[in-house]
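**Student:** Would you be able to build a 3D model of this:
(one chain, ligands or ions: 1)
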Amino acid sequence: MLTTKNLGYWYDRPENSLFTDINLEFEQGQSYAIVGQSGSGKTTFLSLIAGLEKPRVGEIDYNGHSINDIGLTKYRQQNVSIVFQSYNLLTYMSPLNNLLTAMAVTKSSHQGNQKYAKDMLRKLGLTDEQMTKNVQRLSGGQKQRVAIARTMCCDAKLVVADEPTGNLDEENTPRSNPTLPRNRPRTKSLCDHCYS
Ligand SMILES: Nc1ncnc2c1ncn2[C@@H]1O[C@H](COP(=O)(O)OP(=O)(O)OP(=O)(O)O)[C@@H](O)[C@H]1O
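**Tutor:** Sure, this is the predicted structure:
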């Protein structure tokens, strides 16, 4: 379980806090959606629970241990996989090599298993031809699907996805495609002025 305790964050000055006193519990095996207006701090909040940034105030516990005490790098390496808004793919490589590299770096149980990586890319709708050409030659939606496939290959205990379907068409989003995960997210507003 992941718990946030009185979480607060600001970039420049404390009086410009993006959010304060965020107390949430995320249970194992569940999907959650964080919703809010543009600029309300969703990406910032995700970067805190992914261990990319330290909170200014409060604490994040993972299975009863402060992620600060675990060490943010260790916490990330052992538990977290991130689907970034901007994909963060290795642009000089093919989709397949992106997956194989991530599987090696994270010591995935599927490390070195090309068939597993290819099957995952196929599941996400990439053709055999697309998976071996440079990722720079893919569309935004195709890159996003590679980023999702990469996450699925890495045995992560916690997947943090920032607008993972933002560049996908209707057919490739869970709402309209019954073959994609349909876990209904529990919706929570990030802060008072957000809508849900
Ligand atoms: N590195 C930074 N330095 C200073 N301010 C930042 C930085 N990153 C984000 N901000 C500001 O913090 C606020 C929240 O940004 P964030 O990206 O977390 O919002 P968001 O809710 O994810 O937005 P969107 O839905 O538009 O992606 C914004 O006003 C943004 O300008």
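**Student:** Give the rounded mean pLDDT of the one helix or strand residue 121 maps to.
**Tutor:** Using DSSP states H and E, residue 121 falls within helix 114-123. What helix 114-123 shows for mean pLDDT is 97.
**Student:** Take it, keep the C-alpha atoms, and write them as PDB.
**Tutor:** The C-alpha coordinates for helix 114-123 follow below in PDB (Å, rounded to 0.1, in the frame of the first residue of the first chain):
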ATOM      1  CA  GLN A 114      12.500 -11.100 -27.300                       C
ATOM      2  CA  LYS A 115       9.300 -13.000 -27.900                       C
ATOM      3  CA  TYR A 116       7.700 -11.600 -24.700                       C
ATOM      4  CA  ALA A 117       8.700  -8.000 -25.800                       C
ATOM      5  CA  LYS A 118       7.400  -8.600 -29.300                       C
ATOM      6  CA  ASP A 119       4.100 -10.100 -28.100                       C
ATOM      7  CA  MET A 120       3.700  -7.100 -25.800                       C
ATOM      8  CA  LEU A 121       4.200  -4.600 -28.600                       C
ATOM      9  CA  ARG A 122       1.800  -6.600 -30.800                       C
ATOM     10  CA  LYS A 123      -0.800  -6.500 -28.000                       C
END
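**Student:** okay but residue 143 is in contact with residue 87, surely?
**Tutor:** Yes - between residue 143 and residue 87 there is a contact under CB atoms under 8 Å: 4.7 Å. Using the backbone N, CA and C atoms, a C-beta is placed for each residue, glycine as well.
**Student:** shared neighbours of these two, anything?
**Tutor:** Common neighbours of residue 143 and residue 87, counting by CB atoms under 8 Å, 6 or more residues apart in numbering, are absent.
**Student:** Can you show me the strands along the protein?
**Tutor:** All strands of the chain, identified by DSSP state E, fall at 2-9, 19-26, 32-35, 57-62, 65-66, 80-83, 158-161, 186-189.
**Student:** Could you export the ones you listed as a markdown table, including mean pLDDT?
**Tutor:** Below are the strands of the chain laid out as a markdown table (pLDDT from 0 to 100):
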| stretch | mean pLDDT |
| --- | --- |
| strand 2-9 | 97 |
| strand 19-26 | 96 |
| strand 32-35 | 93 |
| strand 57-62 | 97 |
| strand 65-66 | 96 |
| strand 80-83 | 91 |
| strand 158-161 | 93 |
| strand 186-189 | 37 |
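**Student:** Mind checking the ones you listed for the one nearest to residue 132?
**Tutor:** For residue 132, the closest of those is strand 80-83, at 21.9 Å, according to CB to CB.
**Student:** near the ligand, anything from that closest one?
**Tutor:** No - judged by CB under 6 Å from any ligand atom, strand 80-83 stays clear of the ligand, getting no closer than 13.7 Å.
**Student:** rewinding a little: report the buried residues of the helix holding residue 121.
**Tutor:** 116, 117, 118, 120, 121 (16 or more other CB atoms under 10 Å).
**Student:** Equivalent analysis for stretch 8-17, please.
**Tutor:** Quick answer for stretch 8-17 (16+ other CB under 10 Å): 8, 9, 10, 17.
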